[in-house]
Each structure stands twice: as structure tokens, then as C-alpha cells.
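Chemist: Predicted model follows, preceded by the sequence.
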Number of protein chains: 2
Amino acid sequence: MKPETDTFPMRDDTPDDRSQLIREALHNAIVERRLAPGTKLVETEVGELFDVSRTVVRAALQMLAFEGLVKIERNRGAFVAYPTPEEARQIFESRRVIEPEIAQRAAERMTNADVKAFQAHLKEEERLLVERGPSARRAAIKASGDYHLMLAAVAGNQILERFMRELIARSSLVIALYGQSGASSCARSEHADILDALIARDGKKAASTILHHIDHIEADLDYKAASNAPLRQALRL
Amino acid sequence: MKPETDTFPMRDDTPDDRSQLIREALHNAIVERRLAPGTKLVETEVGELFDVSRTVVRAALQMLAFEGLVKIERNRGAFVAYPTPEEARQIFESRRVIEPEIAQRAAERMTNADVKAFQAHLKEEERLLVERGPSARRAAIKASGDYHLMLAAVAGNQILERFMRELIARSSLVIALYGQSGASSCARSEHADILDALIARDGKKAASTILHHIDHIEADLDYKAASNAPLRQALRL
DNA sequence: CAAGATCAAATTGTATGCAATCTGAATTTC
DNA sequence: GAAATTCAGATTGCATACAATTTGATCTTG
């Protein structure tokens, strides 16, 4: 089916298999809000859960700390990150820098197969928004982030893609902490708008649309209402 | 002395002290080209060098792998990264996305103290370029990269600053591999040009100047002349 | 003598043990 | 009774031991 353009063997760093697996599992749990910000991640507990020794768990936690999803405090342990308002601001500023450029490049490189994939994803996103229940809610949150990651993948720069993966994950934490309304719903139509620009191969339009989209997401945040904050974290940073 | 505005304790991730120290030492060694691309980093050797166990060394190597300076291959060990031409292209594309925005923000936030620091740094850069000998050469390489990092620091976004730190370090590897002339010299006057725009608080000009600067750096590369390539690495990725 | 098989040394992956540190609760002290 | 103190349990930081894997050399074998 695919011609010699099969230059996409797979993305993986293979530091090792098992800690990578644990990293991804925790990453997903955090992004899908099954692990609340501030939650302590005890090495032995995680280890038993995955049936590995602390050594492997530690490697996973250190990776997560590196991408800002987990905070490791010396002699105290690892906690799901609790982004401050200032960090949140920087996360969205970074997205405003990177994502419009990604959208522009994606518009240039978009194949018809990509378009199909996006349309399918969008349909799934809308389905999940209608559905009720906490598990559908989680799936919707994840799908919303995945949309942005698909965009980054199409743009064809693995480095920027990795940066985006980090920013999207951390955004999810920020929204969990400071989000007001059922924000993601207002985003829905905007994802469709972005796709329209992409289909039209209009890079400029895609860039400006996604910029607005980011603005809207951030506008829904209220940094003062520090949610159900475990203020211990608030004081430690 | 300081009032309650002491909200800036210090920037550090404190995963732990010693592996962080080793990470920085290796980072510097790589950036200053004392460690060539492809060099194997044996855990016990590094450990003996710093008088720590392999556990600590491994943590450092995993961090370096995460920022793309080291490649870890399962059951084979850690090697100083050997960027492919495609990776090099992506590194510079990423810089073209991020650095102009950083320059623009830096122009807005630049204090007089910052200007003084930049002028001093520039003077030091020029001094190192005149000086002879490999150690001066190394210092010049490092100083050239540090200029870009100072810019990122002034811009005031720690996330983008971290991204830049990674990109600058990896650029150093790319230049070591594919650099043609004594490239850094052509860059010298451009650093001064950028500073001029910053002093004038002309964000647009600073952005476009640095974009040209990046173009010039990349233009000096020759991806075909794969240096003294240990082709083993070239084949493995 | 070239190509392949065999094997020992070196190196990494992982588990585990021990010391240092933190935590929270019981106990003392005022 | 509130605040400070003490101390045991829990948890992390680090070193080390052992198994699995790779590597390069030596030894066949045609």
C-alpha cells in the first residue's frame, strides 16, 4: 500500500522496555486525571503494581520528572506535579510559540490519509462529548489532547513533537487544577475549524485559528481558584 | 534584606545532587567537544571518575539520553549522540521556530543590567576568537552557545529556556560533525547585531536578525561530508 | 586461509540490602 | 490542654550482587 515513503519505522527511544511501559502508564493516568495533582507515587507501591523492582520504577519516575509531570523531592519522594499559576502561564506561552508553527507545517504536509484520520478522530471526539459518565469524560479529555498531538506528528519534526507531547500533558494538569467550565466543549468546534484550514492547505489560517484556540483554552482558567489545593505543594514551590 | 517578594528561591530540579553534577559535567564535555560523537560512556568508568556507584551514573546518563545528547542502546550501553542529517535539520528547524520568539520577548524584557551582561559576554567571545590553542577554541564554542542561552534566560520562560538548552547542546554536536569552516567566526558580528536590536528594544528586528543568524550557521554545514564518522552509528539509526 | 563455532571477559539490566531521612503518632513537659 | 519531644515505622538514596547479554578472541573445520 504505502510506497517507499515508509520512512516512519516507529518512534521510540528504547531506554529500556519496562520502565518505558511504566512511564507511559503513569503518563496516561495523569493526563486522564485518574491521578490527581499532588498525589504521592510510592516506589514500592508502583513496583508491586507492575511487578518490577524499585530500580525500574525509579527510572520511570525520573523520566516523568524530566518532562515536568512529576516532581521529585529529595528524600521525600515523587508526586504528581502541581503546576503553579506562573508555570501554567509559561506552558501556554510556549504553546503559543510552537503550535502555530506546527499547524503551518502540518498544512503543508497534510496527506489525504491524514485528513481521513483527522476526520475520524474529530467524529470520535464529538461522540465522547455527548456521552455521559466519568470514563467517557476522561476519554474526551485524552482525545482532545491527542488531536493536538496528531497535528504535531503530521508536521514531521520529532523534536517539536516531543516538546508538544510534554506541553499537552502539562496543560492537562493545569486544566485539571484551574479549569472552570466544561471547557473542552467550547474547544470542539474549534478543532473542526482548524481541520478546515488544514484541508484547504491554508497554513496561515491554520496557524491563526490554533492561536485563538489556545487563547480560548487559557481564558477558561481561573488561577485564583486554586481548586481543592493541597496547599503543602503550593508552599513548597 | 529582601522583602516578601522572595518568590524566586532558585531554579533547580534537585532530582538529586550527584547525578545532576555528573550530568552537567558530561553535558559540558560534550558541548565543548572534549567527548566526540559516538564515544562510548561505560558506567563503571564514569563512576570511578566521579567516585560514585553505577546507580548514580545511570541516572545521569538517562537524563542525557532524554535531552538527546546521549543514545542508550539496550544491553549495549550509552554513547555520545551522533545526530543524523535529518535530526540536524529538525534541530535547526526547531530553533527557527523558538528562537525568534525568544528574541522578541527578550527585547521587551531587557533590563540595563542585562545589556551590560551581554556586552561583557560579547567582549569575552571576541577575545576568545582571537586567542589561539584548542582550549581557547573550546571556550569560544561554549561562549557562543551561552550567548543564545542568555537570550533565553532574559525571555523569562523557563520551559522555552530548557528547550533551548537542549537545542543548543545538540547543535554543538551537529556542528562538530558537519561543520565546515571555522563557522563561529562568521557568527561573531551577528551576535553584536542581535544585541543592537535588543538595546533598541526592537523585537521584530531582533527576531529577524536571529533568524538570519540561524540560517547562516546551518548554511555552513555539509551533511554529506560525514566527518570522521564511526559508521556503526550511522547504520544503527 | 577464510568462514564459522566456541567461549571467557566485559558490560549492562535488575533486584535487593543497608544506611540515612522523613513522617506521624504517642509521650512528655509546661 | 497545648506545645514540644521522642521514637518507631515507612520510604528514599545508594551501593552492590547476580543474571543476562554482548563482544572480541581463540579455536575449529572445510
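Modeler: In hand now; what should we look at? Numbers count the residues shown, from 1 in each chain, chains lettered A, B, ... in the order given.
Chemist: contacts, neighbours, all on C-alpha from now
Modeler: Fine.
Chemist: Just name the shakiest helix or strand of chain A by mean pLDDT.
Modeler: None of the helices or strands of chain A scores lower by mean pLDDT, DSSP states H and E than helix A:231-236, at a mean of 48.
Chemist: Spit out the contact partners of A:Glu99.
Modeler: A:Ala152, A:Met164, A:Ala207, A:Ile210, A:Leu211 (Cα atoms under 8 Å, 6 or more residues apart in numbering or on different chains).
Chemist: helix/strand/coil for it?
Modeler: Under DSSP: H, G, I helix; E, B strand; the rest coil, the three-state class of A:Glu99 is helix.
Chemist: For B:Arg162, see how far away it is.
Modeler: A:Glu99 is 17 Å from B:Arg162, where distance means Cα to Cα, to the nearest Å.
Chemist: Over to A:Glu43?
Modeler: A:Glu43 is 27 Å from B:Arg162, by Cα to Cα.
Chemist: likewise A:Arg137?
Modeler: Per Cα to Cα, A:Arg137 is found 33 Å from B:Arg162.
Chemist: between those two, which one's more packed in?
Modeler: Counted by other Cα atoms under 10 Å in any protein chain shown, A:Arg137 and B:Arg162 do not tie: A:Arg137 has more neighbours, with 19 against 15.
Chemist: what helix or strand is the more buried one on?
Modeler: A:Arg137 is located in helix A:134-155, with elements delineated by DSSP states H and E.
Chemist: Give me the helices and strands touching that helix, please.
Modeler: helix A:85-109, helix A:112-130, helix A:158-178, helix A:184-199 (3 or more Cα pairs under 8 Å, 6 or more residues apart in numbering or on different chains; DSSP states H and E).
Chemist: burial of the residue in chain A that DNA strand C sits nearest to, as a residue count?
Modeler: DNA strand C sits closest to A:Ser53 of chain A, with a gap of 3.3 Å, by Cα to the nearest atom of the strand. For A:Ser53, the neighbour count with other Cα under 10 Å is 14.
Chemist: Leaving out sequence neighbours, find the closest residue to it.
Modeler: A:Gly47 (5.5 Å; Cα to Cα, 6 or more residues apart in numbering or on different chains).
Chemist: what sits against that neighbour?
Modeler: Applying Cα under 8 Å, 6+ apart to A:Gly47 gives the contacts A:Ser53, A:Arg54, A:Val56, A:Val57.
Chemist: can you do 6 Å?
Modeler: A:Ser53, A:Arg54, A:Val57 (Cα atoms under 6 Å, 6 or more residues apart in numbering or on different chains).
Chemist: can you redo the residues you listed as JSON lines with secondary structure?
Modeler: Shown next, in JSON lines, are the contacts of A:Gly47 (three-state DSSP):
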{"residue": "A:Ser53", "secondary structure": "coil"}
{"residue": "A:Arg54", "secondary structure": "helix"}
{"residue": "A:Val57", "secondary structure": "helix"}
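Chemist: May I have the predicted confidence score for A:Ile22?
Modeler: With respect to pLDDT, A:Ile22 scores 97.
Chemist: is whatever helix or strand it lives in anywhere near chain B?
Modeler: Per DSSP H and E, A:Ile22 falls inside helix A:17-31. No - figure legend: helix A:17-31 not in contact with chain B (Cα under 6 Å from any Cα of the partner chain); closest approach 8.8 Å.
Chemist: Could you identify the helix or strand that succeeds that helix?
Modeler: strand A:40-41.
Chemist: Okay, buried residues for stretch A:67-76 please.
Modeler: Residues A:Glu67, A:Gly68, A:Leu69, A:Val70, A:Lys71, A:Ile72 are the ones in stretch A:67-76 that count as buried (16 or more other Cα atoms under 10 Å in any protein chain shown).
Chemist: same check, this time on stretch A:117-125
Modeler: For stretch A:117-125, a neighbour-count test (16+ other Cα under 10 Å) marks A:Phe118, A:His121, A:Leu122, A:Glu125 as buried.
Chemist: Could you tell me how far it lies from the centre of the chain?
Modeler: Per Cα atoms, centre = their mean, to the nearest Å, the displacement of stretch A:117-125 from the mean C-alpha position of its chain is 17 Å.
Chemist: so what's A:Glu67 closest to, chain neighbours aside?
Modeler: A:Glu166 (5.9 Å).
Chemist: Can you get me a residue count around that neighbour?
Modeler: Using other Cα under 10 Å, A:Glu166 has 18 other residues around it.
Chemist: cool, and A:Tyr82?
Modeler: 27.
Chemist: And the closest residue in space to A:Glu32 that isn't next to it in sequence, what's its pLDDT?
Modeler: Nearest-residue entry for A:Glu32: A:Arg138, 5.3 Å, with adjacent residues in sequence omitted and distances by Cα to Cα, 6+ apart. In this model, A:Arg138 is scored at 87, pLDDT.
Chemist: What residues of the helix holding A:Arg137 count as buried?
Modeler: For helix A:134-155, by 16+ other Cα under 10 Å, it's A:137-138, A:140-155.
Chemist: starting at the chain centroid, how far to that helix?
Modeler: Centroid separation between helix A:134-155 and its chain, computed with Cα atoms, centre = their mean, is 7 Å.
Chemist: Give the rounded mean pLDDT of stretch A:158-167.
Modeler: In this model, stretch A:158-167 has a mean pLDDT of 98.
Chemist: can you give me the offset of that stretch from its chain's centre?
Modeler: Computed by Cα atoms, centre = their mean, the chain-centroid distance of stretch A:158-167 equals 10 Å.
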